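Undergrad: Sequence plus predicted model, see below.
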Amino acid sequence: MKRKNQRRGRDSGFTLTEVIIAGAIAVVSLVVVGSALSTGQRSASMAARQVQAMHKARSVLENVTRLSFHDGALSVGRHTVTSGHYDVRQVDERTKDVVVRILWVGPNNATNWVALTTSVSASLHY
């Protein structure tokens, strides 16, 4: 006995509706994957710029903390460096606070800052 809806021969392929639905699902899937990859690439690029700014700030901070306590580069006020600045504030006669701020540009040209802070003591600098 044969089934009534059994397909044989030329009739055993996909219908046009099934092909269109499968194609639409494939297109939507590819768009979602492409969007995720694009977002991931933007995030990685942003993180790389932020890390680069952090390294620059650490480098400036290390250079400043190596200076003599009475060096002009550790005088109270704002000092300009590439892509940013550092501020020196006198806490007391033997201590100064240093804040380094480095600018980095994020998505849509948004400006962001990386800031690092330390204290410099006269007793540690001769």
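TA: Yep, it's here.
Undergrad: Going by residue numbers, what spans are helices in this protein?
TA: Here the chain has its helices, by DSSP state H, at 16-65.
Undergrad: now for it, which residue lies nearest the mean position of the chain?
TA: By Cα atoms, centre = their mean, the chain has its centre lying nearest to Ala47, at 2.2 Å.
Undergrad: helices and strands of the protein: which one bottoms out on pLDDT?
TA: The weakest-scoring helix or strand in the chain, judged by mean pLDDT, DSSP states H and E, is helix 16-65 (a mean of 91).
Undergrad: Packing partners of that helix?
TA: strand 84-92, strand 95-105, strand 111-121 (3 or more Cβ pairs under 8 Å, 6 or more residues apart in numbering; DSSP states H and E). In short, each C-beta sits where N, CA and C put it, glycine included.
Undergrad: go with 6 Å
TA: In terms of contact count using 3 or more Cβ pairs under 6 Å, 6 or more residues apart in numbering; DSSP states H and E, helix 16-65 is assigned the packing partners strand 95-105, strand 111-121.
Undergrad: Quickly compare those strands and say which is most buried.
TA: Mean neighbour count, computed with mean count of other Cβ atoms under 10 Å, is highest for strand 95-105 among the helices and strands packed on helix 16-65, reaching a mean of 18.
Undergrad: Relative to that strand, what are the paired strands and their orientations?
TA: Sheet pairing here is set by DSSP bridges, and for strand 95-105 it gives strand 84-92 (antiparallel), strand 111-121 (antiparallel).
Undergrad: between the longest one and helix 16-65, how big is the angle?
TA: Right, the one you point to is strand 111-121. 30 degrees (axes from the mean of the first three to the mean of the last three Cα atoms, to 10 degrees).
Undergrad: contacts for strand 111-121?
TA: In this structure, residues lying in contact with strand 111-121 by Cβ atoms under 6 Å, 6 or more residues apart in numbering are 53-54, 57, 61, 65, 95-104, 106.
Undergrad: and which of those is nearest Gly13?
TA: Gly106 (52.1 Å; Cβ to Cβ).
Undergrad: For that closest one, which non-adjacent residue is closest in space?
TA: In space, and not counting its chain neighbours, Gly106 is closest to Asn112: 5.0 Å by Cβ to Cβ, 6 or more residues apart in numbering.
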